[in-house]
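>>> attaching a predicted model along with its sequence, questions to come.
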There are 2 protein chains.
Amino acid sequence: MASSLFDHGQVFSQLERIFSAMGCNGRHAHLCSDILVLAELRGIPSHGLMRVPDYHRMWKKQRINASPSLSVVHESPGTAVLDADRAFGVVAGVHAMELAMEKAQQCGTAWIAVKNSTHYGIAAYYSMMALERDMIGISMTNANTLVAPTFSRQPMLGTNPISVAIPANLEPPFIADFATAPIARGKVSIKEREGQPVHQGLLQDEKGRMTTDPAAIRKGGCIRPLGGDYEHGSHKGYAMAAIVDIFSAVLSGANFGPFVPPQIADLPEAQNSPGKGLGHFFGVMRIDAFQTKQRFKEYMDLWIKTFKNATPIDDQQEVMVHGEPERRKEKYHRQKGIPIPEKIVRDLNEVAKELNVKQRLSTTPEQR
Amino acid sequence: MASSLFDHGQVFSQLERIFSAMGCNGRHAHLCSDILVLAELRGIPSHGLMRVPDYHRMWKKQRINASPSLSVVHESPGTAVLDADRAFGVVAGVHAMELAMEKAQQCGTAWIAVKNSTHYGIAAYYSMMALERDMIGISMTNANTLVAPTFSRQPMLGTNPISVAIPANLEPPFIADFATAPIARGKVSIKEREGQPVHQGLLQDEKGRMTTDPAAIRKGGCIRPLGGDYEHGSHKGYAMAAIVDIFSAVLSGANFGPFVPPQIADLPEAQNSPGKGLGHFFGVMRIDAFQTKQRFKEYMDLWIKTFKNATPIDDQQEVMVHGEPERRKEKYHRQKGIPIPEKIVRDLNEVAKELNVKQRLSTTPEQR
């Protein structure tokens, strides 16, 4: 599909207008726009602009609340449960991380479970907030049901991502951000569109048999947990996804597993679901609650350098430390612009039109 | 190999005599014995009695200290770093968990990083301690270097396990305990002894090529991270192992990654390693810091029942919730006895003899 390059600042401004038109206040419109642009900059377009039409439809159906009243419904000095009042996930997540960083001043760490929330975008957006405060940031969420537990043919879990961001000194920080399933739904769709098979060990069909057919997901199949099958440790991937689900939803009182409300407007929400909305879980740990800041950061530099210098299998493919590929993409896209497929530009302009936003994104060179 | 069944109480008493003879006080001898017996009861013999000869050799080389002075070297209301003074790992781990449960009374959660420790056995021993106090328990450790990062042919990480134990109401608790690598070193050795290949995707040879030959590990090969290769998400398994390593060793000041001192007496410790000993990381979260206890536990019951009832692929293989297989084995072994191979009985008796412990384990029926 043809793409054009856009300056990220131009895209950000257009998104701000769109979210403001939905009724977001200035701060919330900023956050909603910032996380989508950051996803594009870091090379994760599945969590970027392509979400906007769905966010818009979810908002029209009142499944997302653009002017929420967030409230702490339970707390201790180092913990809280936040009811997000169906806010945009990023509004809930940033609120939770700010509360966590404040509570960690007293306790050394703090942990916030969020219920009644919606799709929260890239998990690293939240974990990275802790870095500038010399804290480790942790973020996780449950998600649309797509993954079958080991030995099951029923979708019971989302791709439930985890992000952990850890500050260093002279080295850039360690930033892991990964789904606990081996492949994202978006990548399966791309394979299907291209008529390409997916690797063996990632998907199963409606009867639970391994398949390489990307269409299997639409026909009642599932993504397998990380590991693929029991012999390759899929019960460990299943454990990770289950822990994310329990921390995000049972601690908070959100919906868990198969009851997670779909974050796609065309899919109906379950009736009589046991919890409220989607759940997230956030944590921060002050590094000076464990070591002096300087000693921790220098030791982390040594960790990063040691792993970067691990002997590669192939000299053409260096060994990576988590966060490095995204950081390179971000640098490149900030300079060169972010590539946006024409279809997505049209979708964004359609949303703008419906919301009576006058400005449009244009792919003609003079507008860039 | 021929095995005999032993009453777990008889084995426990013999272990207590052995650890007491090494100089452990009553409490420490109890803990060292209890964790090994529990590993056998729960069907994880790789972390059970077969470790005793190595523990004994490590003790003789003064790499394990049977009369340690544990000390908190840094703390905040909800965190601490513990220097374990080369204690048996279980002595350090139980001390850390007790401190965490005490600190969580104030902060809702508490997190303890441990340095200067040694092999700590089954990770679930520690996480499960939290259950009777209505807390979630979390335990992780770094370990002997065996696993190569994605794209590397160098062993840089251990099989770095994580355990999370979560209380429920009428249902038994959720207890996950899993290595972040897809196969344990012990299982590779068993395959080699049996002349059997291992599954493709678990191991690589000294050049980093995938192999099914279990001997590859002895010849400079490595275990791959969970996922196997990049296309199957091995960078996610690498991320999990890295996070365990950083939390266990960088937060505490223990040795990380390739510098972790081997917990096998025949392998030398590195000179000039940057940290102190092996590292662990423990956490507890009071469930009433997030919900009323009763509401949390009932919701957790619903989670467990929902997942147990997921549609199986094959009616002969039910869908499991983590902790269930070990619980069944424990029940069975408590009644029927634990099977111990004759070689291990001889090894234990050899250790007893060296330590001037008069009693012996006997495989003759009248002794059982």
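Looks like it came in fine.

>>> ok but residue A:200 is inside a helix, no?
No: counting by DSSP: H, G, I helix; E, B strand; the rest coil, residue A:200 is not part of a helix but coil.

>>> helices along chain A, start to end?
Taking DSSP state H to define them, one finds helices in chain A at A:8-21, A:26-41, A:52-60, A:89-107, A:124-127, A:185-194, A:234-245, A:293-308, A:324-336, A:342-354.

>>> in chain A, which residue is closest to the centre?
Geometric centre of chain A, nearest residue: residue A:122, 2.7 Å, by Cα atoms, centre = their mean.

>>> so what secondary structure elements neighbour the helix-or-strand element of chain A with minimal mean pLDDT?
When each helix and strand of chain A is scored by mean pLDDT, DSSP states H and E, helix A:185-194 comes last, with a mean of 87. In terms of contacts (3 or more Cβ pairs under 8 Å, 6 or more residues apart in numbering or on different chains; DSSP states H and E), helix A:185-194 is packed against no helix or strand at all. Using the backbone N, CA and C atoms, a C-beta is placed for each residue, glycine as well.

>>> what lies in contact with it?
Outside helix A:185-194, the residues that touch it by Cβ atoms under 8 Å, 6 or more residues apart in numbering or on different chains are A:46, A:144, A:146, A:159, A:197, A:198, A:203, A:214, A:215, A:217, A:218, A:223.

>>> so which pair among those is furthest apart in space?
Using Cβ to Cβ, the two most remote members of the contacts of helix A:185-194 are A:144 and A:197, lying 23.2 Å apart.

>>> so for these two, which residue has more residues nearby?
residue A:144 (18 against 13; other Cβ atoms under 10 Å in any protein chain shown).

>>> contact partners for the residue nearest to residue A:92 when sequence neighbours are not counted?
Of all residues not flanking residue A:92 in the chain, residue A:84 sits nearest, at 3.6 Å (Cβ to Cβ, 6 or more residues apart in numbering or on different chains). Going by Cβ under 8 Å, 6+ apart, residue A:84 touches A:68, A:70, A:91, A:92, A:95, A:114, A:115, A:116, A:117, A:118, A:277.

>>> which of those fall within strands?
Within the contacts of residue A:84, residues falling in strands by DSSP state E are A:114, A:115, A:116, A:117.

>>> of those, grab the buried ones for PyMOL.
Entered in PyMOL, the line below selects the buried ones among those, by 16 or more other Cβ atoms under 10 Å in any protein chain shown:
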select buried, chain A and resi 114+115+116+117
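
>>> same list, the ones in strands among the contacts of residue A:84, but as JSON lines with pLDDT and distance to residue B:172 please.
JSON lines is the format used below for those (pLDDT from 0 to 100; distance: Cβ to Cβ, whole Å):
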{"residue": "A:114", "pLDDT": "98", "distance to residue B:172": "28"}
{"residue": "A:115", "pLDDT": "98", "distance to residue B:172": "26"}
{"residue": "A:116", "pLDDT": "98", "distance to residue B:172": "30"}
{"residue": "A:117", "pLDDT": "98", "distance to residue B:172": "30"}
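
>>> which two among the ones in strands among the contacts of residue A:84 are spaced furthest apart?
Greatest spatial distance in these: A:114 and A:116, 7.7 Å, computed using Cβ to Cβ.

>>> the closest residue to residue A:81 other than its chain neighbours: what's it in contact with?
In space, residue A:81 comes closest to residue A:74 once its chain neighbours are excluded; the distance is 4.3 Å by Cβ to Cβ, 6+ apart. Residues near residue A:74 by Cβ under 8 Å, 6+ apart: A:80, A:81, B:289, B:290, B:291.

>>> same thing but 10 Å
Residues in contact with residue A:74 (Cβ atoms under 10 Å, 6 or more residues apart in numbering or on different chains) are A:80-83, A:113, A:251-253, B:108, B:288-292, B:295.

>>> now do it against residue A:292, distance only.
Distance from residue A:74 to residue A:292, counting by Cβ to Cβ, to the nearest Å: 34 Å.

>>> equivalent analysis for residue A:189, please.
Relative to residue A:292, and taking Cβ to Cβ, residue A:189 is found at 48 Å.

>>> show me the contacts for the closest residue to residue A:123 other than its chain neighbours.
Excluding the flanking residues, the one nearest residue A:123 by Cβ to Cβ, 6+ apart is residue A:163, at 3.6 Å. By Cβ under 10 Å, 6+ apart, the contact list for residue A:163 reads A:122-128, A:137-141, A:175-178, A:282, A:322-323, B:239.

>>> and what of residue A:336?
Contacts of residue A:336 (Cβ under 10 Å, 6+ apart): A:5, A:7.

>>> what's the pLDDT at it?
pLDDT, residue A:336: 96.

>>> on that earlier part again, which of residue A:189 and residue A:292 has more neighbours?
residue A:189 (15 against 11).

>>> report how many residues lie close to residue A:265.
Residue A:265 has 17 neighbouring residues, counting by other Cβ under 10 Å.

>>> out of everything not next to it in sequence, what's closest to residue A:66?
In space, residue A:66 is closest to residue A:23, 3.9 Å off (Cβ to Cβ, 6+ apart).

>>> so what's the one you found up against?
By Cβ under 10 Å, 6+ apart, residue A:23 lies in contact with A:29, A:59, A:65, A:66, A:67, A:355.

>>> so what's the residue of the stretch 151-300 of chain A found nearest chain B up against?
Distance from chain B to each residue of the stretch 151-300 of chain A (Cβ to the nearest Cβ) is smallest for residue A:208, at 3.1 Å. By Cβ under 10 Å, 6+ apart, residue A:208 lies in contact with A:148, A:151, A:152, A:153, A:154, A:221, A:222, A:224, B:311, B:312, B:313, B:314.

>>> state the pLDDT value of the residue nearest to the fifth one when sequence neighbours are not counted.
Leaving out its chain neighbours, the residue that sits closest to residue A:154 by Cβ to Cβ, 6+ apart is residue B:311, at 4.2 Å. Per-residue confidence (pLDDT) for residue B:311: 97.

>>> surely residue B:311 is in contact with residue B:317?
No: Residue B:311 lies out of contact with residue B:317 (Cβ atoms under 10 Å); the separation is 11.8 Å.

>>> now for residue A:34, how many residues are close by?
17.

>>> ok, now which ones touch it?
Contacts of residue A:34 by Cβ under 10 Å, 6+ apart are A:12, A:15, A:16, A:90, A:94, A:121, A:125.

>>> how does chain A divide into domains?
For chain A, the structural domains run A:1-66+A:337-368, A:68-182+A:224-292+A:328-336, going by automatic domain parsing.

>>> CSV please, covering those domains and showing distance to residue B:258.
Shown next, in CSV, are the domains of chain A (distance: least, Cβ to Cβ, whole Å):
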stretch, distance to residue B:258
domain A:1-66+A:337-368, 29
domain A:68-182+A:224-292+A:328-336, 17
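
>>> I figured residue A:217 hits residue A:155, correct?
Yes: taking Cβ under 10 Å as the definition, residue A:217 is a contact partner of residue A:155 at 9.1 Å.

>>> how about the nearest residue to the residue of the stretch 251-368 of chain A found nearest chain B, chain neighbours excluded?
Using Cβ to the nearest Cβ, the single residue of the stretch 251-368 of chain A nearest to chain B is residue A:313, 3.2 Å away. For residue A:313, ignoring the flanking residues on the chain, the nearest one in space by Cβ to Cβ, 6+ apart is residue B:208 at 3.2 Å.

>>> got a pLDDT number for the one you found?
Listed pLDDT for residue B:208 reads 97.

>>> for it, what are phi and psi?
phi 90, psi 10 (degrees, to the nearest 10).

>>> from residue B:309, how far out is the residue lying closest to residue A:95 once chain neighbours are set aside?
Among residues not flanking residue A:95 along the chain, residue A:70 sits closest, at 5.4 Å (Cβ to Cβ, 6+ apart). Per Cβ to Cβ, residue A:70 is found 34 Å from residue B:309.
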